[in-house]
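Engineer: Need coordinates for the following:
(chains A, B, C and D)
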Protein chains: 2
Amino acid sequence: MVSQRGEGETTTTPAEAADKERARAIPEAAVARLAVYLRVLSGMAESGVTAVSSEELSQAAGVNAAKLRKDLSYIGSYGTRGVGYDVEVLVSHIERILGLTRNHSVAVVGIGNLGHALANYGGFPGRGFPVTALFDVDADLVGIPVGGIPVNHIDEITAVCLEREVSIGVIATPPPAAQSVCDRLVSAGVQCILNFAPVVLQVPDNVEVRKVDLAVEMQILSFHVARRADEAASVSVGNNGLGVDGMVIRP
Amino acid sequence: MVSQRGEGETTTTPAEAADKERARAIPEAAVARLAVYLRVLSGMAESGVTAVSSEELSQAAGVNAAKLRKDLSYIGSYGTRGVGYDVEVLVSHIERILGLTRNHSVAVVGIGNLGHALANYGGFPGRGFPVTALFDVDADLVGIPVGGIPVNHIDEITAVCLEREVSIGVIATPPPAAQSVCDRLVSAGVQCILNFAPVVLQVPDNVEVRKVDLAVEMQILSFHVARRADEAASVSVGNNGLGVDGMVIRP
DNA sequence: CCGACTTTGTGCACACGTTCACAAGCGGTA
DNA sequence: TACCGCTTGTGAACGTGTGCACAAAGTCGG
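Structural biologist: Predicted structure coming up:
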């Protein structure tokens, strides 16, 4: 990387700035994998494993060993050549990078089937995401505790989120309500949103949205089913010009 | 595109082969977006919109207009220059490519909180994914209908999946059970799996797995929170060397 | 203390996906 | 019919992410 240093060194030293910038430059895809490595490593630690090589870890995480090493190199050099990585050390460094040293208060909006499931997940598998607030429009639900937390009315989003310092909002409402809920969360200062509603949310630049769309996942799988069927058809009967709607033919 | 025709013309013509191969070469990322376009287009069709330009559609789908056109070009040229796209035509072609002209029978394994939510989703938002089988280990659940479908015992996976021609399996079990359930689904001929368990599944090459991992999503968001906090800190107080654990400081 | 062996960290080449920019093509208009 | 403006479709440049292959750096045994 060519570190072309400008002349504008006001208060930060070039070295520190470069370090920060490198930390910031972790590819999104690598961040997702780091979370997976973290889970695998946590499991290993519980099983009493103290050291691990890139080869072992990569197999357990289902990725290429080289890719794993590159991913880990983004967060620093914490391995020992000829030996491998210390599990504890790696865990703590990944946690630090992912910001898991602080707790992130989570609010779930929309206490339907999915909302229930999310609330009952309770603190999310293992580490640091306490659900501290639940919201719904349905007055009948308000006050009833789900997974130990009482449901608030949706109009209270702003006040409650500010009070409980919610940093992550989860939208599990029906599609029509999603954008409105999103707007309210944003105005309550929530900057990270996990959206389960099949809707494209419009948000300001400073807000991060991740979406989980079951229908899309299904359709991607469907695409692969169709592709498979096509291949099977071409292999077994040459090409009959029927195109993609041909029957599935087992060889 | 240079169509360098080889000499090996056995049963398929080079043109048809090339066509098939192009269809197969749709980037994964584009497939995911096509599913989103499809949803937006369906909504438009319901609202009585009959024609749409790449600019309009791209805005509604939250992507770049050029990217949208390229995505659509993967499935063929179905637009009219100077005018735009016919909504109906586009819908039917995307459905065809995604394999939505056939129904895909879905089985959900693990009827806990999440499994309930999935079963009650009932046929998945709108189109073509009927849930036709539910499984759980818990004998108390067996026979009880959830979302209109009675729960079967997990040992019946193979028989039931074959009988009902399940093409997509959804794993919503606790982590320790996931791999075993996955193996059973695979041996029942299921080639596409949607995995909600925070586990890396080992499957043969001919099986497609997609995973939805809430903890990972949360941790990615957490990473962005931390990154933001860092930036805010550096901006407001130069650099104090505290590193990534510094407090969030509002300017 | 030294040499052999193991495993990390990374430079480099490649492949994939994204974005730009513009020619090709179509409908409307005179 | 011929022109004009608009929008598609796509070649080409660019950037990002992946995978290989090897030097650097450590441990272990003699």
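Engineer: Closest to the centroid, which residue in chain A?
Structural biologist: When CA atoms, centre = their mean is applied to chain A, the residue found nearest the centroid is A:Ala32 (6.6 Å).
Engineer: For stretch A:206-218, which outside residues touch it?
Structural biologist: Residues outside stretch A:206-218 that contact it (CB atoms under 8 Å, 6 or more residues apart in numbering or on different chains): A:182, A:186, A:190-196, A:198, A:201, A:203, B:32, B:35-36, B:39, B:104, B:106, B:118, B:121, B:124-127, B:129, B:168, B:194, B:210, B:212, B:214, B:217, B:220-221, B:224, B:228. Where C-beta positions appear, they are placed from N, C-alpha and C, glycine not excepted.
Engineer: what about it and DNA strand D, any contact?
Structural biologist: No: Stretch A:206-218 does not reach DNA strand D (CB under 7 Å from any atom of the strand); its nearest approach is 15.0 Å.
Engineer: List the buried residues in that stretch.
Structural biologist: A:Val207, A:Glu208, A:Val209, A:Lys211, A:Val212, A:Asp213, A:Leu214, A:Ala215, A:Val216, A:Glu217, A:Met218 (16 or more other CB atoms under 10 Å in any protein chain shown).
Engineer: Report the mean confidence score over that stretch.
Structural biologist: The pLDDT scores in stretch A:206-218 average 94.
Engineer: Could you report the pLDDT at the nearest residue to A:Arg33 once chain neighbours are set aside?
Structural biologist: Leaving aside its sequence neighbours, A:Arg33 sits nearest to A:Asp71 (CB to CB, 6 or more residues apart in numbering or on different chains; 5.4 Å). Model confidence at A:Asp71, given as pLDDT, is 97.
Engineer: now do A:Tyr121
Structural biologist: On the pLDDT scale, A:Tyr121 gets 78.
Engineer: now it: how far from chain B?
Structural biologist: Remark: distance between A:Tyr121 and chain B (CB to the nearest CB, to the nearest Å) = 7 Å.
Engineer: same deal with A:Asp86?
Structural biologist: Distance from A:Asp86 to chain B, by CB to the nearest CB: 20 Å.
Engineer: Spit out the contact partners of that residue.
Structural biologist: Counting by CB under 8 Å, 6+ apart, A:Asp86 makes contact with A:Thr50, A:Ala51, A:Tyr78, A:Thr80.
Engineer: what subset of the residues you listed is also close to DNA strand D?
Structural biologist: Okay, of these touching DNA strand D (CB under 7 Å from any atom of the strand), that's A:Thr80.
Engineer: Now list the buried members of the contacts of A:Asp86.
Structural biologist: Buried members of the contacts of A:Asp86, scored by 16+ other CB under 10 Å, are A:Ala51.
Engineer: Farthest-apart pair in the contacts of A:Asp86, please.
Structural biologist: The distance between the two most remote of the contacts of A:Asp86 (CB to CB) is 14.1 Å, for A:Thr50 and A:Tyr78.
Engineer: A:Ile144 is in contact with A:Val151, isn't it?
Structural biologist: Yes: counting by CB atoms under 8 Å, A:Ile144 does reach A:Val151; the two are 5.6 Å apart.
Engineer: neighbour count winner among those two?
Structural biologist: The neighbour count for A:Ile144 versus A:Val151, taken as other CB atoms under 10 Å in any protein chain shown, is higher for A:Val151 (21 against 13).
Engineer: The more buried one in helix, strand or coil?
Structural biologist: For A:Val151, the secondary structure call by DSSP: H, G, I helix; E, B strand; the rest coil comes out as strand.
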